[in-house]
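Engineer: What shape does this take:
(chains A and B)
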There are 2 protein chains.
Amino acid sequence: MKYIQLSVLLFAVIMASCTEKQSQEIVIASPDNSIEIKFNLSEKGEPIYLVNYKNKEVIKSSTLGFNLKELPSLKEDFKIINSATSSFNETWQMPWGEQLDVVNNYNELKIELQETSELKRKLNIIFRVFNDGIGFRYEFPEQENLKEVFITDENTQFNLTGDHQVWWTPGDWDIYEHLFNTTKFSKIDALSKANHPNLGQTYIPLNAVNTPVTMKTASGLHVSFHEAALVDYADMTLKVDTTNFTMTSGLVGSANNDYKVVRTVPFETPWRTIQIAEKAGDLIESKLIVNLNEPNKLGDVSSWVKPTKYTGIWWEMHLGKSSWDMASGKHGATTKNAKAFIDFSAKNNIGAVLVEGWNTGWEHWIGFEDREGVFDFVTPYTDYDLKEVVRYGKEKGVEIIMHHETSAATQTYEKQQDTAYALMQSLGIHAVKTGYVGKILPKGEYHHGQYMVNQYNNAVIKAAKYKVAINAHEPIKDTGLRRTYPNTISREGLRGQEFNAWATDGGNPAEHLPIVAFTRMLAGPIDYTPGIFDIKFDKWKAENQVNTTIAQQLALYVVIYSPIQMAADLIEKYEGNPAFEFIKDVGVDWQQTKVLNGEVGDFVTIARKERTSENWFVGGITDENAREMELNFNFLSPNTIYQAFIYEDGKDADWDKNPTAINIREIEISNQSIIKMQLAPGGGFAISLKPKK
Amino acid sequence: MKYIQLSVLLFAVIMASCTEKQSQEIVIASPDNSIEIKFNLSEKGEPIYLVNYKNKEVIKSSTLGFNLKELPSLKEDFKIINSATSSFNETWQMPWGEQLDVVNNYNELKIELQETSELKRKLNIIFRVFNDGIGFRYEFPEQENLKEVFITDENTQFNLTGDHQVWWTPGDWDIYEHLFNTTKFSKIDALSKANHPNLGQTYIPLNAVNTPVTMKTASGLHVSFHEAALVDYADMTLKVDTTNFTMTSGLVGSANNDYKVVRTVPFETPWRTIQIAEKAGDLIESKLIVNLNEPNKLGDVSSWVKPTKYTGIWWEMHLGKSSWDMASGKHGATTKNAKAFIDFSAKNNIGAVLVEGWNTGWEHWIGFEDREGVFDFVTPYTDYDLKEVVRYGKEKGVEIIMHHETSAATQTYEKQQDTAYALMQSLGIHAVKTGYVGKILPKGEYHHGQYMVNQYNNAVIKAAKYKVAINAHEPIKDTGLRRTYPNTISREGLRGQEFNAWATDGGNPAEHLPIVAFTRMLAGPIDYTPGIFDIKFDKWKAENQVNTTIAQQLALYVVIYSPIQMAADLIEKYEGNPAFEFIKDVGVDWQQTKVLNGEVGDFVTIARKERTSENWFVGGITDENAREMELNFNFLSPNTIYQAFIYEDGKDADWDKNPTAINIREIEISNQSIIKMQLAPGGGFAISLKPKK
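Structural biologist: Numbers count the residues shown, from 1 in each chain, chains lettered A, B, ... in the order given. Here you go, the predicted model:
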């Protein structure tokens, strides 16, 4: 943290001199005055807010409040008992991330409400207005008549100004691994996405969407809805009213059918966030989500949380070349195979190897109801010498990434965590990929409910004690907690690369990642596992393929942010391919990030500067449409000539007809340079730029 | 050796029924009848021969014979006492080489001569006629009146048919490191090349050329002159008679000014060779030189003579970044630096590291007269831990290449060889680069005289006892002895890459290697040390540069044959450059070689198939002229799709203005493919081809 400025500024707070229960609008604006929130109470004493951007409404007057179990709703008959504004401006540093310095500059309005009715319950609402969006949360302050709350519904409204274009996934309570849909708001139909055959566990009870959900208004403004600091609470889906263009928070339920969140007062909800940008790319540059999280609670983690590239025994299972379990007769996680990956990684500037399927129990995994007590996270298969593999890796300078597939048997995992993390610490292993495939045990809980939110968060907190970082798959969505717990290194939480290996719906279409960059990626790092060079892999799955060119696979190392980036293909597929030099070369930890262009679902180009060098890397991707774009390198340091290697789609490249055609060329680039790039259908490009010495 | 067929064939031997001393022409033809040699005696009883190619003269009637010290010349008054013809056809296998199987098929004529004069000395001449050229040698058989010969001149004539185009270097007795000259035969002027400022030791006494010397006749035939199996004899230069278009063997002299070769009878001279080809590229495919050498005398050397790529502490000295000697304060051969090269090599499929300047003595090297006793080849500088470097290399799977700079102090080296090679054997080092910079000690000897021929050959034979292979610099020229002693892995013997670092004449021009491929390379492997990526190296030497594009540097790994190929640049220059993948990938030991096109001094393209895989590699280079060429891949296996990576000159590439512009693209190629390549001035291309799986 470089410096903190906390001061109370003078505000244009308009307190209209009206009688109580009448208009007493309170306005708070962003530091640059582009965004303003107006808070008021309705005639019924309901808290209401609206959001303007440059004096035009973005969110129309919308209500706030809760339904509680066995108690009257907490949503009306309020009076304002106090309001306070303050301003905050700090620059803090990410221990790892898209950039080193993050400006956290907002104006805050804290409204203290109290019921005028008999119970006189209190509810506070805190708004923070940034130049790139807003966040607000509810605070349940300590009070006489409210000690424990059972929230049955949170009724936070987002009243939209029109029938926006929306990039959405259904509000599944169990999994985020849906394709994004591009429709008008009025056409959102989440229920039509139920029962996807390729999902291990899915539950879509309502016409709702998951967040981040991004929209584009008729006037071209980009708005994205999400939440920050999801702690001890249920995931917020957004229920859709396609007629009135209104969304209302829909919390994910729990095994207790009669409430969704239980908390002891005092407590705060997560932040409800709206990122607002004229250019789509500004959504990606926004640091609003992490800014709304608390500062680092772990101190200096640099000795054990290390951004890295990794390879792993993983894609081969998805192709069917090998298997997680040993009974299959083609067990992937053998000592020999792991050493081959270590050797390859050591040679290619890749710091780690993930080994899946190393521990006993995989014979009793998917398809079994009684999964508690199966995996123990310490017992290797007989053909895998864990200690020897770790020792060999250390000798070669390559770390092993542990793998804990919980099979969603949460009680077994919770009980075993200390043992499992202690084993890791004793071996000097500092990262684990966790998995939560299947229906949550105990029955009735959902991956995204309060119970599981706590499971995921507690695992991170416990792991930190053992200097272990977590990359969760089938996770709860990212809400920026990596700021508070920087051992939260990455996660899945989207349709990843593996769907290309076996999905019966054709895999991830070319538009998938040009949407993901403006939606899922606003939440945080993505373990997408790029770098498949054998695009068609006909030897293994003639019916499936990756739906991008090889150049786009390279671009993903820059476009898709994660401090851990897999080189996911079978290692032999990289041999002899000069395109692999980009994977070897590309950074994983960034000083700066610039989004050079982009339209949601169409294309995006991102430039990132490495922390440990003066090198820049640029990645650009397009959807199914070929595209020509001009790149302006005015972001480079002045008076410097960069040696640039451009990895681009080859002649006649095409994600389907000719996906491996790549062209690599070397040119000199300065901050005066403007170059034209040609992107093939499903294509992309990657550029490395190094100052010439 | 697959099979041997040795039989006496029926020959059209025309023995004209003339009286003695009159025409008794003996004709022998190549197996395909394209080449014939006619032998006869002149009226004076001189042995004379001529060579036809497809019934046209290539060598006009030329005399053979010797001048001897204190004895009458051995060149006339001969009669034929016997003549015998035989035919030979075998296929033998190279332990390493440009190809695995070598067909050795020739017809032989052995003429036994005896003087009609009082001494009745005997001299035999053996001709071998191959489909790709001829070789002949003199045999001094056991006889009464000739026990020891002191040859003052060998008078082997090559009487040319016209004023051919010639690619020649001067007949220097001390060094081959001259640029090739392209002139008409009548314009050869070797003496004008004397006193080149950048040569450590040079002596050009006559208007003669060194071999291989290649010519093109007015009718387009290519003819190249050289020798094979140069053992215990002086190097043959070719004295030039620019008026009569005649060349005569000019042996290199010795400290004994009155003779050039001393031998005890019986003995044989080296083979005098003429390679004949309609297409220039056929000269490169010819295996005539090795075929004229004796079979392998070392048995299976595969456990210690291993084709490999290597890096080394070498180019940095030529750039002036570091120094061989320690007194300079910038000693290159430190333990730390050697380990950095080992690490880099281990990561990049490079099997060995050369370390020059590791041993004491370099403070007393060039410029000192008294160089005997300076180097001892076992004492490292204090900052270089030889054993630790070797141990570290072994741990990483990288061999160290030993370096013995003799500074031409031959007696010191000869005495120390057992000690030095035994040290290598004890450490498990199997290769040494030797150097012979400076004026030969003892004084009066020349690098190319009989004394030194024996020095070089004896070193190879002695080294073999310790399982050591030799790569000699400032060597005697290659005459195919690698067949007999396959620990003769490579050598210099031309203007190498290092001239580009400091030569005051502008370095090696773009035409240099397109000439070398058809001249010096016909002799045998060349340790040219390609792979300079930092073409201009302005940081070190603003006045110098490599005069090729980076794509040509890649092409050289295929075009220039050597079983050891250096990746010569500073290792940091390879980092992040996708073009380096070709160097990592390219083979070093070949199953087959095909020359796809070429004109001497203009361009050449060679395809080679790796022994250990089904991969092919193609390299093409051009001189200072840009060039478009069509490549036909009909040499590839049928019904196979190859994934091809093409490394070619980038847009606007130029050896001078834009040498690093490279373009790399991936396409599919089959044996039906014909593709167009664009070569920049001083440019080239390299292609790797792998069967798709």
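Engineer: can we go C-alpha only for contacts and neighbour counts from here?
Structural biologist: Noted.
Engineer: Name all residues that make contact with residue A:470.
Structural biologist: For residue A:470, the contacting residues are A:431-434, A:460, A:463, A:487-490, taking CA atoms under 8 Å, 6 or more residues apart in numbering or on different chains as the criterion.
Engineer: Using the three-state scheme, assign the closest residue to residue A:606 other than its chain neighbours.
Structural biologist: Across the structure, with CA to CA, 6 or more residues apart in numbering or on different chains as the measure, the residue nearest residue A:606 apart from its sequence neighbours is residue A:595 (4.3 Å). Using DSSP: H, G, I helix; E, B strand; the rest coil, the structure places residue A:595 in strand.
Engineer: gap between residue A:595 and chain B?
Structural biologist: When CA to the nearest CA, to the nearest Å is applied, the distance between residue A:595 and chain B equals 23 Å.
Engineer: so who does that residue touch?
Structural biologist: Residue A:595 makes contact with A:281-282, A:284-285, A:604-607, according to CA under 8 Å, 6+ apart.
Engineer: mind checking pLDDT for it?
Structural biologist: In the prediction, the pLDDT value recorded for residue A:595 is 98.
Engineer: Next: the one 3 residues further on.
Structural biologist: We have a pLDDT of 98 for residue A:598.
Engineer: Could you report the separation of residue A:584 from chain B?
Structural biologist: On the measure of CA to the nearest CA, residue A:584 and chain B end up 8 Å apart.
Engineer: Sorry, wrong one. I was asking about residue A:658.
Structural biologist: Counting by CA to the nearest CA, the gap from residue A:658 to chain B is 9 Å.
Engineer: Now do the helix or strand hosting residue A:522: which elements does it pack against?
Structural biologist: Using DSSP states H and E, the secondary-structure element containing residue A:522 is helix A:520-523. Packed against helix A:520-523, as judged by 3 or more CA pairs under 8 Å, 6 or more residues apart in numbering or on different chains; DSSP states H and E, are the following elements: helix A:280-285.
Engineer: what's next to the helix it packs on, contact-wise?
Structural biologist: Everything outside helix A:280-285 that qualifies as a contact, by CA under 8 Å, 6+ apart, is A:132, A:222, A:224, A:275-277, A:517-518, A:521-522, A:593-600, A:604.
Engineer: do the same with stretch A:146-162
Structural biologist: Residues from elsewhere that reach stretch A:146-162, judged by CA under 8 Å, 6+ apart: A:57-69, A:121, A:217-218, A:244-251, A:258-266.
Engineer: what about 6 Å?
Structural biologist: Where contact means CA atoms under 6 Å, 6 or more residues apart in numbering or on different chains, the residues beyond stretch A:146-162 that reach it are A:59-60, A:62-69, A:245-249, A:259-265.
Engineer: Can I have the buried ones of the residues you listed as a PyMOL selection?
Structural biologist: Per 16 or more other CA atoms under 10 Å in any protein chain shown, the buried members of those correspond to this PyMOL selection:
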select buried, chain A and resi 59+60+62+63+64+65+66+67+68+69+245+246+247+248+249+259+260+261+262+263+265
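Engineer: Just the contacts of stretch A:146-162: which are in strands?
Structural biologist: Judged by DSSP state E, strands contain the following of the contacts of stretch A:146-162: A:59-60, A:62-63, A:66-68, A:246-249, A:261-264.
Engineer: Counting neighbours, which bits of the helix holding residue A:522 end up buried?
Structural biologist: Result for helix A:520-523 [16+ other CA under 10 Å]: buried residues A:520-523.
Engineer: Could you find the closest non-adjacent residue to residue A:357?
Structural biologist: Spatially, and ignoring its direct neighbours in sequence, residue A:357 is nearest to residue A:324 (4.1 Å; CA to CA, 6+ apart).
Engineer: Quick check: longest helix in chain A by residues?
Structural biologist: Longest helix of chain A, by residue count under DSSP state H: helix A:410-427.
Engineer: Could you point out the helix or strand that follows that one?
Structural biologist: Towards the C-terminus, the helix or strand next in line after helix A:410-427, according to DSSP H and E, is strand A:431-435.
Engineer: which helices and strands does that following strand pack with?
Structural biologist: In terms of contacts (3 or more CA pairs under 6 Å, 6 or more residues apart in numbering or on different chains; DSSP states H and E), strand A:431-435 is packed against strand A:399-405, strand A:469-472.
Engineer: Could you tell me which strands sit next to that strand in the sheet, and their orientation?
Structural biologist: Take DSSP bridges as the rule and strand A:431-435 pairs in its sheet with strand A:399-405 (parallel), strand A:469-472 (parallel).
Engineer: Outside of it itself, which residues are in contact with it?
Structural biologist: Surrounding strand A:431-435, the residues in contact under the criterion CA under 6 Å, 6+ apart are A:401-406, A:468-474.
Engineer: now stretch A:294-313
Structural biologist: A:350-356, A:430, A:483-485, A:563-568, A:588.
Engineer: can you tell me which of those residues are in strands?
Structural biologist: The subset of the contacts of stretch A:294-313 located in strands under the criterion DSSP E comprises A:352-355, A:564-566.
Engineer: re the thing from before, and of the contacts of residue A:595, the nearest to chain B?
Structural biologist: The shortest approach to chain B among these belongs to residue A:607, at 17.1 Å (CA to the nearest CA).
Engineer: what is the mean pLDDT for the helix or strand harbouring that closest one?
Structural biologist: Assessed by DSSP H and E, residue A:607 sits inside strand A:603-610. With pLDDT averaged residue by residue, strand A:603-610 scores 98.
Engineer: Against residue A:302, how distant is residue A:693?
Structural biologist: Look at residue A:693 and residue A:302: by CA to CA, to the nearest Å, they are 30 Å apart.
Engineer: whoops, I mixed them up, residue A:355
Structural biologist: Here residue A:355 is placed at a distance of 23 Å from residue A:302 (CA to CA).
Engineer: so can I have TSV of the helices and strands packed on strand A:431-435 showing mean pLDDT?
Structural biologist: Compiled in TSV, the helices and strands packed on strand A:431-435 are given as follows (pLDDT from 0 to 100):
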stretch	mean pLDDT
strand A:399-405	98
strand A:469-472	98
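Engineer: Put together a markdown table for the ones you listed, with distance to residue B:94 on each row.
Structural biologist: As requested, these are exported to a markdown table (distance: least, CA to CA, whole Å):
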| stretch | distance to residue B:94 |
| --- | --- |
| strand A:399-405 | 44 |
| strand A:469-472 | 54 |
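Engineer: Thanks a lot, catch you later.
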